[in-house]
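Novice: I need the structure of the sequence given here:
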Amino acid sequence: MKSVLWVFAGALSPKRVQMREENPVLLIFGLSVFFRTVDEGMFHCPHCGGDRAYRLRSGRRWLTVFFLPVIPLGHIGEAVQCNVCRTRFNRAVLRLPTTVQMAASLPAGMRAAAGLVLAAGDPDDDGARQRAVETVRGYGDAEYDAELLDEDIALATVEDPAARIIQVGGQLAVEAKEWFLAQAVRIALVSGPLSDEERTALHRVAQALGMTPAHALGVIVTTEGAAR
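Specialist: A predicted model of the protein is given here:
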């Protein structure tokens, strides 16, 4: 007695094969997803709560025979996998700044704000300059000095420093944004009452931080009042 088994040959065209019943052949087909690494780097892992190495994994569905991938099918997307906890995330997680990036962007953002405010006011006022240097150092740049301040003031007159402030704004809570803006206001107030140009510069700082004009005005007015 004979049995019939359908197998695949060539370009997946079915073929009828006559086989003896005492020698059956079993083919196990299936669908499986396999991932391969397409990139590596460092990111802030939301699950671990710290900076970790990651692998960007691209997934693809395969037709398998005896559990081995044989025919590639469609892509199913990409996932970021933490090398420590093995948790997988959407690729959007790479937009989150690492601790190192955040530590670097805070003083860079304040440098941009200080340069913008001083360029709009009196860049030669010794008190305001000293306040600017101390403020930037307080945000983490211990090497900041008057020479670097001059560079930031000059930079503010030839290009828009908003990009560096925008990067900071995306990392700060509302209260931290208010404090950041208030620090810039205090720098400007050292040389006297705020001029129209300084107010405009401060509103540019607030806009880059993601604050509304009304919110910014409230912080500026409150800081002015506290300084009297």
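
Novice: rest of the way, CA atoms for contacts and neighbours
Specialist: OK.

Novice: the longest helix in the chain is where?
Specialist: The residue-count maximum for a helix in the chain (DSSP state H) belongs to helix 99-120.

Novice: chain center to that helix, what's the gap?
Specialist: 17 Å (Cα atoms, centre = their mean, to the nearest Å).

Novice: List the buried residues for that helix?
Specialist: 102, 105-120 (16 or more other Cα atoms under 10 Å).

Novice: Give me the mean pLDDT for it.
Specialist: Averaging pLDDT along helix 99-120 gives 91.

Novice: what's the nearest residue to Gln130 if we skip its chain neighbours?
Specialist: Distances taken as Cα to Cα, 6 or more residues apart in numbering place Ala146 nearest to Gln130, at 7.9 Å, with adjacent residues excluded.

Novice: pLDDT at the one you found, what is it?
Specialist: On the pLDDT scale, Ala146 gets 95.

Novice: from here on, count from 641
Specialist: New numbering, starting at 641: the last item is Ala786.

Novice: so what's it up against?
Specialist: Counting by Cα atoms under 8 Å, 6 or more residues apart in numbering, Ala786 makes contact with Arg769, Gln770, Val773.

Novice: Not counting stretch 837-853 itself, show me its contacts.
Specialist: Contacts for stretch 837-853 (Cα under 8 Å, 6+ apart): 753, 756-758, 760-761, 802-803, 805-806, 808-810, 817, 821, 824-825, 828, 856-857.
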